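Trainee: Give me the fold of what follows.
(chains A and B)
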Amino acid sequence: MTNDGNKRDEDATARAARRRSIAIALGLGALVLLFYVATIIRLGGNVAKQAM
Amino acid sequence: MANLDVDMNVGVATSSYEGTVSDFIALMKPRVMSLVVFTALTGMVAAPGFIHPVIGVIALLAITIGAGASGALNMWYDADIDARMARTAARPIPRGKVTADEALTFGAVLSVFSVLTLGVLVNWVAGALLAFTIGFYLFVYTMWLKRTTPQNIVIGGAAGAFPPMIGWAAVTGNVSLDSVLLFLIIFTWTPPHFWALALYRCRDYERVGVPMLPVVKGLAETRRQIVLYSWLLVPVTIMPAFTGLGGPAYLLASLALGAVFLYLADRVRRITEGREADKAARQLFGFSILYLFLIFAVLLGEHVVSRLALL
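Mentor: Numbering: from 1, shown residues only, chains lettered A, B, ... in the order given. From the prediction side, this is the model:
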């Protein structure tokens, strides 16, 4: 394999790794949002009652 | 010890990061997931009680991802035989798109997150049922039964039967007779469904040493068992009409669809030679999917209508 070929492979791997990191970050972000929304929904009524 | 052979037999994916998003979605068995979504949704809607729509969607999402995770773990463990079967050779691990280690990590992480999400945000009865389902599918069916007994899909079929029960538990927080009936419908449906497939994929299973019923007991015995289990399936499917879970439309649908199912199962028993025999098995396999879909669709439809009538 030539140096150019190696470089192309490394670039492709780096790009794929970056794409996967972004996908994991988005997944974790979605999970945080999911927990936040669900917590607000589940606690919402109780918080309103306490305020009274 | 099949998993130890994975890298030697497949050995195509030597580096990570080759898999695309669609490869990872394929790892989750999207067709199975669509059936899981549908049956779990039916369980949720048919269950007595109320669940906030957003919490309901979260429950459905967690059940679906849990099912997908168990599919990925199944593909990790079965990669060695998947590579040698026509039906499964195009899966991401045999194609070299995803490594076995990546599939294991992906499946394990999704399993943990789906169970925790369902347990924390919905309830722990549903969460525990989902954890049990994933564990049952991986340890009992995939690792133990699949390669050791022709009863593999009879017992292992329980894993596919749990989603409506989990959906029901997400709403009610418990397990009841009606949710057990939903479980039993899928549980008794699985053997004739899979054995119809195994009849015309027999050589595939034989080649990789999976002891499916036709391989171990022969085609004639498989045909007999298909008919027996079909006669078990149809009364079980009709039962919800007598417990109040299903209404008149459900009773009619379960009777009509059951009659067709029994007719096609009997054709499989009678036609034993040549292409016509394969065709009869394929017809039963195809119809069995439609059967389960329509049974749950009618049940879902009845409960949606009755809930709308209360508004």
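
Trainee: Give me every residue in chain B that's in contact range of chain A.
Mentor: Contact residues (Cβ under 8 Å from any Cβ of the partner chain) of chain B with chain A: B:15-18, B:21, B:52, B:54-55, B:58, B:61, B:113, B:117, B:120-121. Glycine gets a C-beta too; all of them are placed from N, C-alpha and C.

Trainee: May I see the buried residues of the host helix or strand of B:Phe296?
Mentor: B:Phe296 belongs to helix B:274-310 when assigned by DSSP states H and E. For helix B:274-310, burial by neighbour count (16 or more other Cβ atoms under 10 Å in any protein chain shown) applies to B:277, B:280-281, B:284-285, B:287-288, B:291-292, B:295-296, B:298-303.

Trainee: which strands and helices sit next to it?
Mentor: helix B:30-46, helix B:177-200, helix B:248-270 (3 or more Cβ pairs under 8 Å, 6 or more residues apart in numbering or on different chains; DSSP states H and E).

Trainee: deepest of those, which one?
Mentor: helix B:177-200 (a mean of 22; mean count of other Cβ atoms under 10 Å in any protein chain shown).

Trainee: If I take that one and helix B:248-270, what angle do their directions form?
Mentor: Counting by axes from the mean of the first three to the mean of the last three Cα atoms, to 10 degrees, helix B:177-200 points 30 degrees away from the direction of helix B:248-270.

Trainee: residues making contact with the following helix or strand past helix B:177-200?
Mentor: Counting by DSSP H and E, the next helix or strand C-terminal to helix B:177-200 is helix B:202-208. For helix B:202-208, contacts defined as Cβ atoms under 8 Å, 6 or more residues apart in numbering or on different chains pick out B:Ile81, B:Arg84, B:Met85, B:Ala86, B:Arg87, B:Ala198, B:Pro211, B:Met212, B:Pro214, B:Val215, B:Leu219.

Trainee: Chain A: strands as residue ranges?
Mentor: Counting by DSSP state E, chain A has no strands to list.

Trainee: Now do the residue in it positioned nearest to chain B, the pLDDT please.
Mentor: Residue of chain A nearest chain B, by Cβ to the nearest Cβ: A:Ala16 (3.6 Å). What the model reports as pLDDT for A:Ala16 is 82.

Trainee: now the residues of chain B next to chain A: which count as buried?
Mentor: Buried among the residues of chain B next to chain A by 16+ other Cβ under 10 Å: B:Tyr17, B:Glu18, B:Ile55, B:Ile58, B:Leu61, B:Phe113, B:Thr117, B:Leu121.

Trainee: Now distance to B:Phe183, secondary structure and pLDDT too, for these, in a markdown table please.
Mentor: Shown next, in a markdown table, are these (distance: Cβ to Cβ, whole Å; DSSP: H, G, I helix; E, B strand; the rest coil; pLDDT from 0 to 100):
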| residue | distance to B:Phe183 | secondary structure | pLDDT |
| --- | --- | --- | --- |
| B:Tyr17 | 40 | coil | 70 |
| B:Glu18 | 39 | coil | 75 |
| B:Ile55 | 22 | helix | 95 |
| B:Ile58 | 22 | helix | 96 |
| B:Leu61 | 21 | helix | 96 |
| B:Phe113 | 25 | helix | 96 |
| B:Thr117 | 22 | helix | 96 |
| B:Leu121 | 23 | helix | 94 |
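
Trainee: and the residues you listed, which two are the farthest apart?
Mentor: Across these, the longest distance by Cβ to Cβ is 37.7 Å; it joins B:Glu18 and B:Ile55.

Trainee: about what we covered before: can you redo the helices and strands packed on helix B:274-310 as JSON lines with mean pLDDT?
Mentor: Formatted as JSON lines, the helices and strands packed on helix B:274-310 follow (pLDDT from 0 to 100):
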{"stretch": "helix B:30-46", "mean pLDDT": "95"}
{"stretch": "helix B:177-200", "mean pLDDT": "96"}
{"stretch": "helix B:248-270", "mean pLDDT": "97"}
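
Trainee: Serialize those helices to CSV and add fields for distance to B:Lys146.
Mentor: Shown next, in CSV, are these (distance: least, Cβ to Cβ, whole Å):
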stretch, distance to B:Lys146
helix B:30-46, 15
helix B:177-200, 11
helix B:248-270, 23
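
Trainee: closest one to B:Gly66 among these?
Mentor: It's helix B:30-46; of the helices and strands packed on helix B:274-310, that one is closest to B:Gly66 (Cβ to Cβ) at 8.5 Å.

Trainee: Any chance you could list what contacts the closest one?
Mentor: B:51, B:56, B:59-60, B:63-64, B:67-68, B:71, B:160, B:163-168, B:170-171, B:178-179, B:182, B:186, B:245, B:292-293, B:296-297, B:299-300, B:303-304, B:307.

Trainee: can you do 7 Å?
Mentor: By Cβ atoms under 7 Å, 6 or more residues apart in numbering or on different chains, the residues outside helix B:30-46 that reach it are B:51, B:56, B:59-60, B:63-64, B:67-68, B:71, B:163-168, B:170-171, B:179, B:182, B:186, B:245, B:296, B:299-300, B:303-304.

Trainee: give the contact list for B:Ala253.
Mentor: B:Leu294, B:Ile295, B:Val298.

Trainee: From those, pick the one nearest A:Arg8.
Mentor: B:Leu294 (52.2 Å).

Trainee: Contacts only, for the closest one.
Mentor: Going by Cβ under 7 Å, 6+ apart, the list of residues near B:Leu294 reads B:Ala253, B:Leu257.
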